[in-house]
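Enquirer: structure of the sequence below:
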Amino acid sequence: MNLIYILPIILILVSSIVTIRQGMIGVTTIFGKYRRVLRPGLNFRIPILEQVFKRISIQNRSTELGFQAVTLDQANVNFTALVLYAVLNHEEETVKNVAFKFIDERSFNQSLIRTIEGNVRSFVATKKQSEILTLRNEIVLYVKDNLDDVFESWGYHLIDVQMNDITFDEEVMRSMAKVVASNNLKAAAENEGQALLITKTKAAEADGNAVRISAEAERQAAMLRGQAVASFREEVARGMSVAAKEMQASELDNSVILFTMWTETLKHVAENGKGNVIFLDGSVDGMEKSVKQMMAMQKLQSGK
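Expert: Coordinates of the predicted model:
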């Protein structure tokens with residue numbers, strides 16, 4: 001008889017026990033109305049009346065997206081993104097938003113995906129295709145700035161958005177590759193032209209310096225040769241003057257000096273002719289005639 005009364009009590013106690021596993025939060029209702037939040041672990045509820053409406057994960061969640069957007073210059077861009085989010089906090093109002101904002105998990109995921117796609121598309125629509133690949137971080141920041149408030153109203157916190165792949169249609173990728181290749185060829189041609197210009201400029205400068213140095217050396221050489229000739233003539237004149245005075249002091253004829261000069265001239269021509277043909281009258285009559293001409297010139301200069 002006692003068991004008849006004890007058994008229902010045991011059944012009621014057992015049915016009132018609810019276990020919520022770690023990383024989850026339970027939401028209960030009575031007659032469809034929100035009642036309270038059940039924390040992880042062992043909980044007790046009002047038997048029959050209080051029902052566990054939903055178990056909500058408070059762990060991080062991720063969703064992978066794949067969608068397409070159109071740039072300002074009408075190029076199709078394919079995006080593959082990863083969204084990381086979690087329940088904002090464990091407060092009662094936040095949990096109620098998570099539990100009752102959407103009819104089911106499928107509706108929430110659909111709203112999440114469409115909201116992110118819309119924000120990315122609105123950003124991409126203001127940019128040209130040549131800019132998109134360099135704006136990965138800007139796209140992420142734009143999406144997070146616009147979705148933070150929306151996610152909080154749903155009871156969630158947007159942790160991160162990762163743009164894993166950004167690709168264009170095959171035709172666009174092919175044309176972009178051609179543009180890159182042509183730019184590389186242009187840059188290579190410009191570099192080669194600059195290198196050739198520098199080479200030719202340096203060569204011209206070297207040639208100019210060589211000509212200038214050669215001309216300066218020739219000028220110096222000519223000046224030195226002129227000085228040498230002048231010095232030679234000065235020494236010859238001084239020597240002849242001294243010789244003439246000595247000849248006069250010895251009461252000798254000056255023609256001896258002229259004869260010596262004549263023979264020295266013949267000797268110099270013979271030694272330094274190097275095969276050149278020089279017509280010179282080396283006879284006695286020729287010598288006598290040349291000596292007389294030199295003596296006449298000497299007397300003429302002495303008369304002056």
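Enquirer: care to break this structure down by domain?
Expert: 2-57, 61-168, 190-250, 253-304 (automatic domain parsing).
Enquirer: tabulate these (JSON lines), appending mean pLDDT.
Expert: Shown next, in JSON lines, are those (pLDDT from 0 to 100):
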{"stretch": "domain 2-57", "mean pLDDT": "83"}
{"stretch": "domain 61-168", "mean pLDDT": "89"}
{"stretch": "domain 190-250", "mean pLDDT": "76"}
{"stretch": "domain 253-304", "mean pLDDT": "65"}
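Enquirer: to residue 174, which of those domains lies closest?
Expert: With C-beta to C-beta, the closest approach to residue 174 among the domains of the chain belongs to domain 61-168: 9.4 Å. C-beta: built from backbone N, CA, C; applies to glycine.
Enquirer: measure that closest one end to end?
Expert: In domain 61-168, first residue to last residue: 29 Å (C-alpha to C-alpha, to the nearest Å).
Enquirer: with stretch 32-51 instead?
Expert: 8 Å.
Enquirer: mind listing what residue 199 touches?
Expert: Not one residue lies near residue 199 by C-beta atoms under 8 Å, 6 or more residues apart in numbering.
Enquirer: which of the three states applies to it?
Expert: Assigned by DSSP: H, G, I helix; E, B strand; the rest coil, the conformation of residue 199 is helix.
Enquirer: from residue 205, how far out is it?
Expert: Residue 199 is 11 Å from residue 205, where distance means C-beta to C-beta, to the nearest Å.
Enquirer: mind listing the helices for this structure?
Expert: 2-16, 92-100, 105-124, 129-132, 136-154, 170-249, 255-272, 284-303 (DSSP state H).
Enquirer: possible to save these as a markdown table with distance to residue 40?
Expert: Shown next, in a markdown table, are the helices of the chain (distance: least, C-beta to C-beta, whole Å):
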| stretch | distance to residue 40 |
| --- | --- |
| helix 2-16 | 18 |
| helix 92-100 | 13 |
| helix 105-124 | 20 |
| helix 129-132 | 44 |
| helix 136-154 | 22 |
| helix 170-249 | 50 |
| helix 255-272 | 122 |
| helix 284-303 | 137 |
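Enquirer: let's have the domains of the chain in CSV, adding distance to residue 181.
Expert: Listed next are the domains of the chain as CSV, based on distance: least, C-beta to C-beta, whole Å:
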stretch, distance to residue 181
domain 2-57, 50
domain 61-168, 15
domain 190-250, 15
domain 253-304, 69
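Enquirer: pick the most deeply packed of those domains.
Expert: Across these, averaging neighbours per residue (mean count of other C-beta atoms under 10 Å) puts domain 61-168 on top, at a mean of 16.
Enquirer: got the contact list for residue 83?
Expert: Counted by C-beta under 8 Å, 6+ apart, residue 83 has contacts 62, 63, 64, 65, 112, 116, 158, 160, 161.
Enquirer: quick check: bridge partners of the residue nearest to residue 132 when sequence neighbours are not counted?
Expert: Leaving aside its sequence neighbours, residue 132 sits nearest to residue 77 (C-beta to C-beta, 6 or more residues apart in numbering; 5.7 Å). Beta-bridge pairing for residue 77 (DSSP bridges): residue 69, residue 168.
Enquirer: looks like residue 77 contacts residue 121 (just checking).
Expert: No - using C-beta atoms under 8 Å, residue 77 is not in contact with residue 121, being 9.3 Å away.
Enquirer: which neighbours do the two share?
Expert: Common neighbours of residue 77 and residue 121 (C-beta under 8 Å, 6+ apart) are 69, 70.
Enquirer: got the contact list for stretch 57-72?
Expert: 23-25, 76-87, 90, 109, 112-113, 116-117, 120-121, 124-129, 132, 159.
Enquirer: ok now it, how far from the chain's centre?
Expert: 34 Å (C-alpha atoms, centre = their mean, to the nearest Å).
Enquirer: quick check: closest non-adjacent residue to residue 165.
Expert: Looking at residue 165 with C-beta to C-beta, 6+ apart, the closest residue is residue 80, at 4.0 Å.
Enquirer: again but with residue 135, I slipped
Expert: Of all residues not flanking residue 135 in the chain, residue 127 sits nearest, at 6.4 Å (C-beta to C-beta, 6+ apart).
Enquirer: how close does the one you found sit to residue 81?
Expert: 17 Å.
Enquirer: show me what contacts the most centrally placed residue in the chain?
Expert: Centroid-nearest residue in the chain: residue 187, 11.9 Å away (criterion: C-alpha atoms, centre = their mean). Contacts for residue 187 (C-beta under 8 Å, 6+ apart) come out as none.
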